[in-house]
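Q: After the sequence you'll find the predicted model.
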Amino acid sequence: MEEMSHHTEQPTDGLASETPSQTNDGKTALDDQNGVLEGDTSERMKEFAAPATGMEFESYDDAYNYYNCYAIEAGFSVRVKNSWFRRNSREKYGAVLCCSSQGFKRVKDVNRLRKETRTGCPAMMRMRLVDSRRWRILEVTLEHNHVLGAKGYKSIKKKLLSNSDPEIQPIKLYRAVVIESACDRATNFTQREAKTSSDRHPNELNLKKGDTQAMYNYLCRMQLTNPNFFYLMDLNDEGRLRNVFWVDARSRAANCYFSDVVFFDNTCLSNKYEVPLVAFVGINHHGQFVLLGCGLLASGNKESYIWLFKAWVSCTFGNSPQTIITERCKLLKSAISDVFPKTHHRFGLSHIMKKIPEKLGGLRNYDSMRKAFLKGVYDALKPFDFEAAWGFMIQRFGVADNEWLRSLYEDRAQWAPVYLKETFFMGMAAARPGEAINPFFDKYLHKQTPLKEFLDKYELALQKKHKEEANADIESRSTSPELKTRCSFELQLSKVYSRAIFKKFQLEVEEMYSCFSTTQVHIDGPITIFLVKERVLNEGNRRDVRDYEVLYNRAGPEVRCICSCFNFYGYLCRHALCVLNFNGVEEIPSKYILSRWKKDYKRLYVPVHGAGDADSTEGVQRFNQLYRSALQVVEEGVISLDHYKVAVRALEESLDRVHSIEEKHV
């Protein structure tokens, strides 16, 4: 037998061999991956969170020290009841820590001159070394059957806090359940928790009765059942929950592929939903929205946004998005500038369009003004066109004093498509009439949806999204799209792109026939400027002729259209295709075939982390590659029962082969 149990009876004085380190300003730190908790030493000791199922620690010593700290706070001492070791390596892999009053002494060990202190106390904490190589709490009993002492606690605490050994390291606590300032708040609710949002402190998350327990249950379940689950909590100065961020394993994996362009959705927070949800949303290789992380914020102030952005970065290998799209908000703009200084921050055009009825609906000639507004925004090909259309609108409708329009014009470089042609949007620009970026949980969350109900719907929503992506993967790899033209460009990309993206590109190929003229207007060495005329369908099914300038550099080869379809959507437009065809180019240059849209993108793409990343070790790289490969099997294995059976069999066979290698070395 590989494992053995070692039973111990080691009375202790409640002191840990290692204590929480003190920072230079006298603060105690719990240095953790999931749940940073810092504060004044004396105050924090008063609110030391009780152990809970699912907590994880970097080492056995950290777990042991943590339980001792908790015991000091509660007023009892700890001893090791059981320890388990592997027979060959003598590595400790399990232990039970208990109150020193647990059990009863054997008759022969009783000292008649010393008072019996054992009461058969049930308080204990059972833990085990898990696959992550961390120590996880599996079972906890908090109740004692005796009076907890204060005298011993004070002396122990004094001795603990007097320890100033500079070599002492902070306890590394992972996935710590620190909802609110003390564990008993998870079950004992007060009148304060039933107050309305208008009565609560703005620096505290508005949790209604039952919300705390629901969140506690969700996080515990996820951290035990969802590999690579990650969350962080932010506590205010009173130790109460202020902000929460979490990301499940699939979303963490999606960050490796799809976090280049991100939509930050704070619709629920800004519109004062019952659930103050914020979400990071990306777009996958099928053009579907994918969740990259979630959070709950007490308020939409700059401090909360900065905390949230840093929390998201901490679980994405420190990578910053190339482009981030948000609602038009000065606080968000300032926070993003601080955390993502190199990221292109743009305001979502669809958010602005949705506000037109609210901001302009009461004006005279609203319908006519709205049409003029839309035409100036969507039809402008050059900044001059936009400026002229805007000036005409302001003068014609007499709205020069409108504050919203004035501020909107000042921010035009961050939302108007004509100014964003050098920004890479990957299909999230919403640069055409009728396009919009809708909230990720739009169909699952309404203004009055309580947190408990949302957490149930949250998992259902993710399951549906994951199944949609898996089905799209299978369809793209197993079927060939129907070709609608004889154009070589269509045939070329039908073999490369995922099905959904190919259909969008296919429309551009079909619309090449609406471009009836391609002429040279300027030549400068290898660079030629072409003018492509297109019949564009407008209101009333009327077609107007519009001119599009296209730059072509045959030395590149390079092709750029003034409509900037490639930067907005990630594939070439009909005007650029016409110019390539005019110059006898039969295949689209590889630089314009983004790997991002390929049907096998997730199989071929290997996430590249920064060279300066301290975690970019050989072991971590192996883990990331194995995890990514296994996750692909899982994603497709949940599609149907047949897929599930094949996936399980394949994983079991792989595990047997890995174990066989280990047995050869024993």
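A: Arrived safely.
Q: From residue 98, how far off is residue 64?
A: In this structure, residue 64 lies at 12 Å from residue 98, with CB to CB, to the nearest Å as the measure. The C-beta positions use only the backbone N, C-alpha and C, and glycine is treated the same way.
Q: Identify the contacts common to these two.
A: Contact criterion CB atoms under 8 Å, 6 or more residues apart in numbering; residues shared by residue 64 and residue 98: 78, 80.
Q: Where in this protein is the helix or strand with the lowest mean pLDDT?
A: Counting by mean pLDDT, DSSP states H and E, the chain has its least confident helix or strand at strand 27-30, which shows a mean of 32.
Q: Please tell me I have it right and residue 575 contacts residue 532.
A: Yes: with contact defined as CB atoms under 8 Å, residue 575 reaches residue 532; the gap is 4.3 Å.
Q: Identify the contacts common to the two.
A: By CB under 8 Å, 6+ apart, residue 575 and residue 532 have these common neighbours: 515, 548, 550, 561.
Q: residues near the last one, how many?
A: Residue crowding around residue 561 was assessed by other CB atoms under 10 Å; the count is 25.
Q: tell me the pLDDT at it?
A: Residue 561 is assigned a predicted lDDT (pLDDT) of 98.
Q: wait, isn't it in contact with residue 548?
A: Yes: the pair residue 561 and residue 548 qualifies as a contact (CB under 8 Å) at a distance of 6.0 Å.
Q: what do the two both touch?
A: Jointly contacting residue 561 and residue 548 under the rule CB under 8 Å, 6+ apart are 532, 575.
Q: Now do residue 306, the pLDDT please.
A: Per-residue pLDDT puts residue 306 at 95.
Q: what's the closest non-adjacent residue to it?
A: Using CB to CB, 6 or more residues apart in numbering and skipping the chain neighbours, the partner closest in space to residue 306 is residue 335 (4.9 Å).
Q: For that neighbour, give me its contacts.
A: 302, 305, 306, 309.
Q: measure the first one to residue 96 for me?
A: With distances defined as CB to CB, the gap from residue 302 to residue 96 amounts to 47 Å.
Q: So for these two, which sits in the more crowded spot?
A: residue 96 (20 against 15).
Q: Ramachandran coordinates for the more buried one?
A: Dihedral angles of residue 96 (phi, psi; degrees, to the nearest 10) stand at phi -130, psi 120.
Q: For whatever helix or strand residue 576 lives in, enumerate the helices and strands it packs against.
A: Using DSSP states H and E, residue 576 sits within helix 574-582. On a contact count with 3 or more CB pairs under 8 Å, 6 or more residues apart in numbering; DSSP states H and E, helix 574-582 meets helix 488-494, helix 499-510, strand 515-524, strand 527-537, strand 543-553, strand 558-561, helix 565-569.
Q: same thing but 6 Å
A: Here helix 574-582 touches strand 515-524, strand 527-537, strand 543-553, strand 558-561, going by 3 or more CB pairs under 6 Å, 6 or more residues apart in numbering; DSSP states H and E.
Q: Return the per-residue confidence for the residue nearest to residue 306.
A: On pLDDT, residue 335 comes in at 96.
Q: Next, the most centrally placed residue in the chain: phi, psi?
A: Centroid check for the chain by CA atoms, centre = their mean gives residue 293 as the closest residue, at 1.9 Å. Phi and psi for residue 293, reported as degrees, to the nearest 10, are phi 160, psi 160.
Q: beta partners for it?
A: For residue 293, the beta-bridge partners under DSSP bridges are residue 280.
Q: Residue 464 and residue 262, how far apart?
A: Applying CB to CB, the value for residue 464 to residue 262 is 21 Å.
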